[in-house]
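Enquirer: here's my sequence, what's the structure:
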Amino acid sequence: MSNVSVVILGAGAGTRMKSQTPKVLHKLSGRAVLDYSILAALSVSDDVQVVLYHDHDRIKAHIEREFGDQVVCARQDYENFSGTAGAIKAASPKYDRIVALNGDMPLITGDFVKALAARREDIAISVFSRLDPSGYGRAIIKNDRVIKIVEEKDANEEEKKITSVNAGVYSFSRSFLGEFLPKVTNDNAQKEYYITDLVALAAANNISISAVWGDEYILMGVNSKTELAKAEEYHQNALKEQLMNAGVMMRLPETVYIDANAEFEGECVIENGAVILGKSKIVKSTIKAHSVVEDSVVIESDIGPMAHLRPNTEVKNTHIGNFVETKKAKLDGVKAGHLSYLGDATIGAGTNIGAGTITCNYDGKGKYQTTIGKNVFIGSDTQLVAPVTIPDNVIIGAGTTVVKNPNEGDLVLSRSEQKSVAGFFYKFFGIKK
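Expert: Numbers count the residues shown, from 1 in each chain. Just a heads-up that it's a prediction; the model follows:
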């Protein structure tokens with residue numbers, strides 16, 4: 001939509017999170033809580049402003065890193081104008097319609113913001129119905145118009161029975177804000193300027209207040225770690241449903257965790273207990289039970305069960321079996337069936353990695369690269385001490401420690417001679433034979 005500005009309120013301290021991390025930067029499905037409000041706003045407006053105060057520099061740096069110049073950060077004059085209406089004072093919206101969102105509503109959708117912005121009344125308020133409205137301000141509504149907002153502490157017994165509650169998202173005309181925002185005072189116990197006072201001023205001046213109904217879950221605010229976990233559960237369910245509708249198969253989807261940044265292409269299978277993190281990309285592949293994929297690319301491959309692809313892994317046409325760990329590795333046409341660590345490695349097509357193979361990539365100071373060519377057979381319990389290059393068509397015998405580069409076509413062995421001491425078992429345990 002054009003001619004709509006969106007102001008996102010993110011200045012609060014978020015003390016109920018009991019964390020050194022700002023509330024709006026806590027992660028939900030891999031992204032900061034604040035990001036979702038910004039994404040919803042950007043789907044509607046080209047004028048998105050986030051009002052900050054507590055942890056201003058840290059949150060602003062995050063916004064600039066994630067959204068560049070698409071979002072403007074404003075600083076609230078918290079000492080003189082604290083509270084939600086004080087945050088609105090700090091913004092400089094360009095357009096005649098202004099939507100006020102909260103930075104702690106990660107389930108808000110662009111469609112709901114659009115519906116709120118489409119109202120032409122001077123003020124529109126988001127509301128939802130709740131069987132147990134305890135703790136919420138009640139929205140008293142007649143003929144789809146809000147008569148007033150009553151905070152629970154001020155509600156009488158009849159008003160407390162009302163199930164329509166104020167969700168705290170608003171839409172205003174510029175002219176209304178211009179006239180009434182200066183009239184909001186901090187004459188309350190907290191000495192703060194409240195956006196709800198604008199509702200009271202509108203009602204007192206017979207200004208029509210529109211009610212915009214939404215589902216409770218999309219208007220859910222996150223103020224504690226308990227609420228964060230609940231919101232993430234909602235978000236995960238919606239995200240996985242979207243992916244399954246697009247063709248991704250999930251076994252026991254309630255046990256699967258998918259990062260919001262992950263991408264899927266083609267027919268993929270995600271088995272129970274799998275975790276896909278970061279900006280991973282899964283293409284026509286199977287991620288088997290209880291495997292973890294972090295910031296990695298998997299193309300036409302099968303991973304697991306119980307494998308771990310750490311960041312910057314790229315696998316193509318490859319089998320990664322159980323208890324295999326990779327990190328910053330590139331595998332193309334490789335078989336690594338079980339019990340291996342492949343870090344800082346590039347491995348060519350047709351190569352077989354035996355059980356217990358380790359790339360020894362760290363010497364206590366630096367990380368070093370292992371390069372393995374095509375059609376290499378690596379026997380079990382092999383250690384490849386980086387930096388090392390194994391050319392094409394090499395066989396490495398089981399139990400070998402490779403410390404220097406072999407030649408193409410070599411058999412590489414580093415075993416000590418096997419010795420047997422006859423009858424030692426019986427002598428050691430004092431058994432007479």
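Enquirer: contacting residues around the worst-scoring helix or strand of the chain on mean pLDDT?
Expert: Least confident helix or strand of the chain, by mean pLDDT, DSSP states H and E, is strand 145-150 with a mean of 86. The contact list for strand 145-150 (Cβ atoms under 8 Å, 6 or more residues apart in numbering) reads 125, 127, 137-141, 159, 166, 196, 199-200, 203, 208-211. Quick note: C-beta positions are derived from backbone N, CA and C, even for glycine.
Enquirer: tell me what the longest helix belonging to the chain is packed against?
Expert: Longest helix in the chain, counting residues (DSSP state H): helix 225-245. Using 3 or more Cβ pairs under 8 Å, 6 or more residues apart in numbering; DSSP states H and E as the contact test, the elements touching helix 225-245 are strand 27-28, strand 249-250, strand 257-258.
Enquirer: list the buried residues for it?
Expert: Within helix 225-245, the residues that count as buried by 16 or more other Cβ atoms under 10 Å are 228, 231-232, 234-236, 239-240, 243.
Enquirer: so what's the gap between it and the chain middle?
Expert: 11 Å (Cα atoms, centre = their mean, to the nearest Å).
Enquirer: contact partners of that helix?
Expert: Counting by Cβ under 8 Å, 6+ apart, 17-19, 26, 28-29, 33, 106-107, 217, 220-222, 250, 253-254, 256-258, 260, 264 sit against helix 225-245.
Enquirer: any stretches of this protein with poor pLDDT?
Expert: For the chain, the stretches with pLDDT under 70 are 1-2.
Enquirer: please parse this structure into its domains.
Expert: Split into domains by automatic domain parsing, the chain comes to 4-219, 225-412.
Enquirer: distance to residue 433 added to those, as a markdown table?
Expert: Below are these laid out as a markdown table (distance: least, Cβ to Cβ, whole Å):
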| stretch | distance to residue 433 |
| --- | --- |
| domain 4-219 | 65 |
| domain 225-412 | 31 |
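Enquirer: out of the ones you listed, which is closest to residue 429?
Expert: domain 225-412 (27.5 Å; Cβ to Cβ).
Enquirer: how long is that closest one end to end?
Expert: Terminal residues of domain 225-412 are spaced 55 Å apart (Cα to Cα, to the nearest Å).
Enquirer: what does stretch 251-262 give?
Expert: Criterion Cα to Cα; first-to-last residue distance in stretch 251-262 is 18 Å.
Enquirer: list the buried ones in it?
Expert: 253, 256-260, 262.
Enquirer: can you tell me the closest non-neighbouring residue to residue 399?
Expert: residue 381 (4.9 Å; Cβ to Cβ, 6 or more residues apart in numbering).
Enquirer: what sits against that neighbour?
Expert: Taking Cβ under 8 Å, 6+ apart as the criterion, residue 381 is in contact with 354-357, 398-399.
Enquirer: distance of it relative to residue 372?
Expert: Using Cβ to Cβ, to the nearest Å, residue 381 is found at 16 Å from residue 372.
Enquirer: with residue 428 instead?
Expert: Residue 428 is 42 Å from residue 372, where distance means Cβ to Cβ.
Enquirer: of these two, who's got more company?
Expert: Each of residue 428 and residue 372 has its neighbours counted (other Cβ atoms under 10 Å); residue 372 has more, 25 against 9.
Enquirer: kindly list the main-chain dihedrals of the more buried one?
Expert: As for residue 372, its main-chain torsions (degrees, to the nearest 10) stand at phi -120, psi 130.
Enquirer: and stretch 272-280, what's buried?
Expert: 273-277, 280.
Enquirer: over to stretch 340-349?
Expert: Buried, per 16+ other Cβ under 10 Å, within stretch 340-349: 340-348.
Enquirer: farthest pair within the residues you listed?
Expert: 341 and 348, at 18.5 Å, using Cβ to Cβ across the buried residues of stretch 340-349.
Enquirer: and the next helix or strand past the helix or strand hosting residue 325?
Expert: Per DSSP states H and E: residue 325 is located in strand 319-327. Once the chain leaves strand 319-327, the next helix or strand it forms, by DSSP H and E, is strand 330-332.
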